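Colleague: using only what follows, build the 3D model:
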Amino acid sequence: MALALAWLAREAIRSQRVARLAIADEAGVQWADFVSLGGRPQWVSVRGRDRHNPILLVVHGGPGVALSPFPERFRLLEARFTVVQWDQPGAGRTLGAAGLRMPEGLNQGQIVDDGIRLAEILGRRFPGRRIVLAGVSAGAVFAVEMVRRRPDLFATYVGIAQPVDVPAQEQEGYSRVLRRAMHLRDESSVRALEAIGPPPYASLGDLLKERRIAERLAPDRAGSVGLWLDVATAPDYDLRDVVAYAMAPGWNWNAEQFLGRDLQGPWMRTVLKPLSSGPPVVLIQGAQDDITPTSLASAWLRRAAVAEKLVCIVPGAGHNAILSAPADIDAVMTHVVSPLAQGIRPHPEALSTCVLP
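Modeller: Take a look at the predicted model:
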C-alpha cells in the first residue's frame, strides 16, 4: 500500500513537472530520444524557446552523473540557447537502456568520440546554428579533448568547475576542505580528514570519504536541496532509470576504469595540456570550489593560445554551481558567452565577475 501511494505521488509530481516544462513558443524545440553514438543508443534531449538560437551542448561530469533530470536548472538558458543534454554511457537513461550494464572496455577516448559524433549530428540537424560546448566537472576534461580534436565544430568552449591537474587539485582541495572544517569548528570532519591524511590517498574509500565531507560542507549545499526528488520525478525517467541513477554505477566505472581501486587509474594522472588553438574559452568557477580550485584552472587558461579567454567567478558557490546557482550561470552565458558565440567581443564591463586569467 505504501509503495502504491509513493508511486502515485511520484506520478503526480512528474505530471506537474511535464506540464510546467512544456515549451509552447512557436519557434521552440522540445525533443528527446535515443541516438546511436559509437554503436550504442544514448539518450539526448533538446530544449529551447527558439530553434534559431545557438546550440548549447552540455557534457556532464561524474563520470556517470547525468544532468538531464534537472531541466528546471537550465530553464533560464533555454531563452537564449537550444540546450542539449546527453546522458553518456554509464549514466542516466543511457545506462537504464543498457540494462544497468556498463559498456565493456569503456574509456575516456570513446566518450570523446561519442561527443564529437553528437556535435556533428547537431550540426546537420540545426544547419547554420553555432555550437557552444559546455563541459561540467569531469565532463570538462572530455569536452576540452573534443575541442582539441575538432575546434572547427565549436563557436565557444565553456568549462564549468574545470579540472586541469588532478594530482595538484587533490592536494589543494584536501587543504581547502580541512581549513573549511576547522573554520566551521566541525570537529568530527576535522578528525576524519586528519585520519585520512593528505593525498595521495591510500585507497578509493579514502578519496570518497573526503568527497562526502567536501560536499556536506560546501557553501552552496542548500542550493542543491531537492535534487534526489528531481531524479525520482524526472519527466523522461521511468523506474528503471531512477534505479540506475540511484545506484550510481558510474562510480563503479570510476573505481575500475577511471580512478582505479588503487587510485592509479587514468583520471588520477590527468594533467591537461593547454589548448594551442581553438575557439574562445570561458571558465565558470564557484568562488569556493574546493574540488576544482580556480587558481589551477586560471593558470591553465593563461597558457592557452586562443583568441579570447575569460574566467568568471560565481560568488558564494562551490563545485556544483551548475545546479546551485542557475541565475549566475545564466548571467555569464547571456552577457559573455552568447556574444562570443556570435563572434562579438563582450563589453569589458558586461559582467564584473569575469576577468582575464
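Colleague: check contacts around residue 304.
Modeller: Residue 304 makes contact with 274-276, 278, 281, according to Cβ atoms under 8 Å, 6 or more residues apart in numbering. Using the backbone N, CA and C atoms, a C-beta is placed for each residue, glycine as well.
Colleague: from residue 177, how far out is the most centrally placed residue in the chain?
Modeller: What sits nearest the mean C-alpha location of the chain, by Cα atoms, centre = their mean, is residue 136, with 2.7 Å. Using Cβ to Cβ, to the nearest Å, we find residue 136 at a distance of 20 Å from residue 177.
Colleague: which of the contacts of residue 304 fall within helices?
Modeller: With DSSP state H as the criterion, helices contain none of these.
Colleague: can you give me the strands for this protein?
Modeller: Taking DSSP state E as the test, the strands found in the chain are 29-37, 40-48, 55-59, 82-86, 131-136, 156-160, 281-286, 309-314, 354-355.
Colleague: now the ones you listed as a markdown table including mean pLDDT?
Modeller: Formatted as a markdown table, the strands of the chain follow (pLDDT from 0 to 100):
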| stretch | mean pLDDT |
| --- | --- |
| strand 29-37 | 96 |
| strand 40-48 | 96 |
| strand 55-59 | 98 |
| strand 82-86 | 97 |
| strand 131-136 | 98 |
| strand 156-160 | 98 |
| strand 281-286 | 96 |
| strand 309-314 | 94 |
| strand 354-355 | 86 |
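Colleague: for those strands, state which one has the densest average packing.
Modeller: Of all the strands of the chain, strand 156-160 carries the top mean neighbour count, a mean of 29, counting by mean count of other Cβ atoms under 10 Å.
Colleague: outside of that strand itself, list whatever touches it.
Modeller: For strand 156-160, using Cβ under 8 Å, 6+ apart, the contacting residues are 130, 132-137, 140, 143-144, 147, 278-285, 297, 321-322, 329, 333, 337, 340-341.
Colleague: can you rerun that using 6 Å?
Modeller: 132-136, 140, 147, 279-284, 322, 337, 340-341 (Cβ atoms under 6 Å, 6 or more residues apart in numbering).
Colleague: hmm, back to that, give me the buried entries from the contacts of residue 304.
Modeller: 275, 278, 281 (16 or more other Cβ atoms under 10 Å).
Colleague: for the nearest residue to residue 276 once chain neighbours are set aside, give its distance to residue 148.
Modeller: Excluding the flanking residues, the one nearest residue 276 by Cβ to Cβ, 6 or more residues apart in numbering is residue 305, at 5.1 Å. Applying Cβ to Cβ, the value for residue 305 to residue 148 is 12 Å.
Colleague: cool, thanks, talk later.
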